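>>> After the sequence you'll find the predicted model.
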Amino acid sequence: MFTARTLREGKWPILIFAALTAVVGCLNHGAWWCWALTGIPVLLLLFTISFFRDPTRPAPAEAKAILAPADGRIVEIKPAREPHFLNGEAIMVAIFLSVFDVHVQRAPIDGEIKFVQYNKGKFLDARDVNASLQNENRVVGIESPDGFRVTVRQIAGLIARRIVGWADKGATLSKGERFGMIRFGSRVELFLPPGTEIAAKVGDYAKGGETIIARRK
C-alpha cells in the first residue's frame, strides 16, 4: 500500500505531524478538551500518511489499451492543441485529483520518454478554467516502440506546490509504471492523437494504471 519512494516524498510533513502529535500528547492533562486537542494532529498525521499511499496495480493485458495516468474524476474530454510533443491537434482527457486520491502518476502506454519540460506558472485551484494553461506544470511525452505518441501533463494546484518526476527523458516505461507524483490536490491531462477511440466519459472515476481511458486503432 505504501512504498519507500512515496513515503520519502512525504517525509517532512509526516515527521512534523508526528512530532506535533508527540508534543500535544505529552501536554495532555486528561481533560476532555486535551483529548480533543490531541486528536487534531493525530488526524492530520493519518491523513498525510494516507495521502502518500501507492497501491500496487497490475496493468490490463489488452495490447491497444491506453490507461489512465492518474487517479481521479474525469472532468473534461475535448479537442485541444498540444504544442509540446504531439505538435498539433489532439484529444485531451483531464483528470481532477482531490486530496483524497492517490497522487502517483503512471505511464498510459509502453514506451520511451522522448520529451520532458517543466513550465513555471501560477497555483490556481486545479478546478479553475484557467489552471490548465496558467498553472505550473510538467509535460511528459511518451512514444511507443512503433511510434504511437501520447503526452501527459502534470499540473500543480492551489495546495499542490510540488511536482515530482521519477523518470526523465530517455527512460523506458512499461504500461502502468510509476513516473511521477503531485503533492496534494491537482490535475493531470492526457493528450491523445486524433482518431483515438475514447473508452471513458466525463464523470467517470479513473484509477491510474488500471482504468482503460482509450484504445489505439
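Thanks, I have the structure now. Numbering: from 1, shown residues only.

>>> Which parts of this protein are strands?
Secondary structure of the chain (DSSP state E): strands located at 65-67, 72-82, 88-97, 104-106, 111-119, 137-143, 149-155, 163-165, 172-173, 178-182, 186-192, 197-198, 205-206, 212-215.

>>> Now residue 57. Its backbone dihedrals?
Dihedral angles of residue 57 (phi, psi; degrees, to the nearest 10) stand at phi -140, psi 110.

>>> my read: it touches residue 209, true?
Yes - judged on Cβ atoms under 8 Å, residue 57 makes contact with residue 209 at a distance of 4.7 Å. Any C-beta I mention is one placed from the backbone N, CA and C, and that applies to glycine too.

>>> list residues touching both of those two?
Common contacts of residue 57 and residue 209 (Cβ atoms under 8 Å, 6 or more residues apart in numbering): 106, 176.

>>> Between these two, which is the more surrounded one?
Remark: of residue 57 and residue 209, residue 209 carries more neighbours, 27 against 18, as counted by other Cβ atoms under 10 Å.

>>> got the contact list for that one?
57, 59, 67-68, 106-107, 175-178.

>>> Could you turn the buried ones of those residues into a ChimeraX selection?
Buried residues among these (16 or more other Cβ atoms under 10 Å), as a ChimeraX selection:
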select :57,59,67,68,106,107,175,176,178
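
>>> got the strands of the chain as a markdown table, with mean pLDDT and distance to residue 49 columns?
Output for the strands of the chain, formatted as a markdown table (pLDDT from 0 to 100; distance: least, Cβ to Cβ, whole Å):
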| stretch | mean pLDDT | distance to residue 49 |
| --- | --- | --- |
| strand 65-67 | 98 | 26 |
| strand 72-82 | 96 | 20 |
| strand 88-97 | 96 | 18 |
| strand 104-106 | 95 | 15 |
| strand 111-119 | 96 | 28 |
| strand 137-143 | 96 | 25 |
| strand 149-155 | 96 | 22 |
| strand 163-165 | 89 | 17 |
| strand 172-173 | 98 | 27 |
| strand 178-182 | 93 | 15 |
| strand 186-192 | 95 | 19 |
| strand 197-198 | 98 | 35 |
| strand 205-206 | 98 | 23 |
| strand 212-215 | 98 | 29 |
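
>>> Make TSV out of the ones you listed and add distance to residue 53.
Shown next, in TSV, are the strands of the chain (distance: least, Cβ to Cβ, whole Å):
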stretch	distance to residue 53
strand 65-67	19
strand 72-82	14
strand 88-97	13
strand 104-106	9
strand 111-119	25
strand 137-143	21
strand 149-155	18
strand 163-165	15
strand 172-173	21
strand 178-182	11
strand 186-192	16
strand 197-198	29
strand 205-206	17
strand 212-215	22
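
>>> For residue 39, which of those strands is the nearest?
When the strands of the chain are compared by Cβ to Cβ, strand 88-97 sits nearest residue 39, at 26.7 Å.

>>> so that closest one versus strand 186-192, what angle?
150 degrees (axes from the mean of the first three to the mean of the last three Cα atoms, to 10 degrees).

>>> How many residues are close by the residue nearest to residue 116 when sequence neighbours are not counted?
Spatial nearest neighbour of residue 116, chain neighbours left out: residue 169 (4.8 Å); criterion: Cβ to Cβ, 6 or more residues apart in numbering. Number of residues near residue 169 (other Cβ under 10 Å) recorded here: 13.
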